[in-house]
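Enquirer: curious how this folds, go ahead:
(chains A and B)
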Amino acid sequence: MKWIEKQRNIIDFTLSSLLRRKTKNIALVFVYTVIVFVLASVVFFSHSIKKEASIILQGSPEIIVQRLSAGMHALIPEEYVSGIAKIRGVTSVTGRLWGYYYEPTARANFTLLSPEEQPGEGNIMAGEGVLRVLHASPGDILSLTSYKGEQVSLRVKGSLPTSSSLVSADLILISEGDFRNIFGFSKGLFTDLALRVRNPRERVTIAKKIKELYPDARPIIRDEILRTYDSVFNWRSGLLLMVMTGAILAFIIFAWDKATGLSAEERREIGILKAVGWETSDILLMKFWEGASMSLSSFLGGVILAYFHVFFTSSALFAPVLKGWSVLYPEFRLTPFIDVGGVMTLFFLTVLPYTVATIIPSWRAAIVDPDSVMR
Amino acid sequence: MSIGRMTHIRKSSVFLSYLLVNLCVLFALFVHAMLNVREAKPALEGKSALVRSLGLTDLCLFSEASYTRHLSLADFSTPFQDCPLSLEHFPSGSVVEPPEHLREMAPGDADR
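Expert: Below you'll find the model as predicted:
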């Protein structure tokens, strides 16, 4: 109890001392909270989207086969389907029909896809983003321009679930006939092929066999698709590096300023405390509480605000960066997968250095003769 | 509590209470996260089922350029297909890296 009372007395004194320089310290806590907020938002956002992508994209095709011609993606002929289907271990080969459609009135890019379950000739199913930017709803008629410049009228039969916006916001599901009519794809040509294989461990071997059979083919296995989103939101990626570099540099300047010296007022305060009988250990304890109180308050405030930012406002501050020039951006709310390791790392990278940076110069001032410190 | 007693509340009590409230809020948010993850399981399975039935490969995050819309299907030449010397210029292209499988290619795979 005596120990607790001593700590509380020192905290009382420390807080009074901090309140004497109220404006400066409030500004410090504000900047510190903002830095933690940005870093924690990045940690929450990147971990959640990586986790969500890894779960959702488990359903993507096991192998995608594209064809390259003159270094560009080219349409793949039907013969490839029968050739690849003969490879041992391949259970199914499906020709996929999909492409991009630029809608000049909305200035948005859509992805047109002809699924196995067709919506019927003259009908489409549209993603939440498509309907939003075109101000359309189920039952409306949309007009798309074909490669010949002719208008193709399509009825919106229904919409894709809003909850799946993260994967389907820009999708328009269309029948095979309408798709071929709009893009001028001849019968027997596909955008690429989707494969299912019997044994997942054979994917790499099958991909190699496809490459041997058709040297102009480009197989992409599901593991590569999954790893793509893991690396996109990795700390080394451009997006995160850009945000984190700024925040970390600000924090280094901040801690460096604290570590390199005390103000004349702070030195005089230490001198007076030593002169009235405070031990060096008491002064260090006071400085520890000064650093800890500011960094802990900022850390907790920053992490709480970041949680609200990412999971309640759908990362509103990151949206302009992710949007770029695109008109169509999905409205999605991330599932709050918490990276406890990431939060702990953030704690050790922000609270500890600042607290240590507060103690070191005070220790240097506290071991000197009080008389010389006060001068 | 009388006003007289309130004026004598110790600063350490206010500070420690503030920390405690913050810790409780943080704990509540972590519980909120756990419950939400549990609740979101059917929705995530639904999204995965949609991905499976439509054969989708990518998240619809950056729809401004083909190589960022379908990031996992991008190859080395996609950003330059508009015309010769059409340098990569979309904002999203500067915030995302090329897919890992392009950066970790085996020698001889240069046509990817």
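
Enquirer: other residues contacting stretch A:179-197?
Expert: A:61-67, A:73, A:75-78, A:80-81, A:84, A:89-99, A:101, A:112, A:114, A:144-148, A:152, A:174, A:203, A:206, B:55, B:73 (C-beta atoms under 8 Å, 6 or more residues apart in numbering or on different chains). Heads up, the C-betas are built off the backbone N, CA and C, glycines and all.

Enquirer: so for that stretch, mean pLDDT?
Expert: Averaged across stretch A:179-197, the pLDDT comes to 93.

Enquirer: tell me which residues in it are buried?
Expert: By neighbour count with 16 or more other C-beta atoms under 10 Å in any protein chain shown, stretch A:179-197 contains the buried residues A:179-183, A:185, A:189-195, A:197.

Enquirer: likewise stretch A:256-264?
Expert: Neighbour counts over stretch A:256-264 (16+ other C-beta under 10 Å) mark A:K258, A:L262 as buried.

Enquirer: now the helices: where do they sit in the stretch 251-375 of chain A?
Expert: If DSSP state H, counting those that start in this stretch is used as the criterion, the helices of the stretch 251-375 of chain A fall at A:264-275, A:280-312, A:319-323, A:340-366, A:370-374.

Enquirer: and for the stretch 51-200 of chain A?
Expert: With DSSP H, counting those that start in this stretch as the criterion, the stretch 51-200 of chain A has helices spanning A:79-85, A:128-134, A:165-168, A:176-183.

Enquirer: just name the most buried of those.
Expert: Most buried of the helices of the stretch 51-200 of chain A, by mean neighbour count (mean count of other C-beta atoms under 10 Å in any protein chain shown): helix A:165-168, with a mean of 24.

Enquirer: so B:Y67 makes contact with B:V96?
Expert: No. Between B:Y67 and B:V96 no contact is recorded; they are 9.4 Å apart, counting by C-beta atoms under 8 Å.

Enquirer: picking up where we left off before, nearest to A:R218, of the helices of the stretch 51-200 of chain A?
Expert: Closest to A:R218 of those, according to C-beta to C-beta: helix A:79-85, at 11.6 Å.

Enquirer: contacts for the host helix or strand of A:L241?
Expert: Assigned by DSSP states H and E, A:L241 falls within helix A:238-260. The contact list for helix A:238-260, computed with C-beta under 8 Å, 6+ apart, reads A:28, A:31-32, A:35, A:38-39, A:42, A:46, A:232-235, A:291, A:321-322, A:350, A:353-354, A:356-358, A:360-361, B:94-97.

Enquirer: stretch A:353-372 now?
Expert: For stretch A:353-372, contacts defined as C-beta under 8 Å, 6+ apart pick out A:32, A:254-256, A:258-262, A:266-267, A:270-272, A:274-275, A:280, A:283-284, A:287-288, A:290-292, A:294-295, A:373.

Enquirer: quick check on these: which are buried?
Expert: Among these, the ones that count as buried by 16+ other C-beta under 10 Å are A:32, A:254-255, A:258, A:262, A:266-267, A:270-271, A:274, A:283-284, A:287-288, A:290-292, A:294-295, A:373.

Enquirer: burial count for the residue of the stretch 1-150 of chain A found nearest chain B?
Expert: Relative to chain B, the nearest point of the stretch 1-150 of chain A is A:G59 (3.3 Å; C-beta to the nearest C-beta). Residues within reach of A:G59, counting by other C-beta atoms under 10 Å in any protein chain shown, total 19.

Enquirer: the residue lying closest to it once chain neighbours are set aside: what secondary structure?
Expert: Computed as C-beta to C-beta, 6 or more residues apart in numbering or on different chains, the closest residue to A:G59 that is not its neighbour in sequence is B:R52, at 3.3 Å. Secondary structure assignment for B:R52 (DSSP: H, G, I helix; E, B strand; the rest coil): helix.

Enquirer: any buried residues in stretch B:62-80, and which?
Expert: B:62-75, B:78-79.

Enquirer: where does pLDDT dip in the chain?
Expert: Went with chain A since none was named. Low-confidence segments of chain A (pLDDT under 70): A:235-239, A:259, A:261, A:370, A:372-375.

Enquirer: think we crossed wires, I meant chain B
Expert: Within chain B, the segments meeting pLDDT under 70 span B:1-7, B:79, B:81-86, B:103-112.

Enquirer: which one is B:H32 nearest to, not counting chain neighbours?
Expert: A:P336 (7.0 Å).

Enquirer: what's the closest non-adjacent residue to the spatially most central residue of chain B?
Expert: Chain B has B:L61 as the residue nearest its centroid, 9.9 Å off, counting by C-alpha atoms, centre = their mean. Sequence neighbours aside, A:L322 is the residue nearest to B:L61 in space, at 6.0 Å (criterion: C-beta to C-beta, 6+ apart).

Enquirer: so how far is A:I225 from the one you found?
Expert: A:L322 is 19 Å from A:I225, where distance means C-beta to C-beta, to the nearest Å.

Enquirer: need the helices for chain B, in chain order.
Expert: B:3-6, B:11-54, B:66-69, B:91-95, B:100-103 (DSSP state H).

Enquirer: adding distance to A:G158, write these out as TSV.
Expert: Output for these, formatted as TSV (distance: least, C-beta to C-beta, whole Å):
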stretch	distance to A:G158
helix B:3-6	62
helix B:11-54	13
helix B:66-69	23
helix B:91-95	30
helix B:100-103	35
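
Enquirer: got the domain boundaries for chain B?
Expert: B:11-54, B:66-106 (automatic domain parsing).
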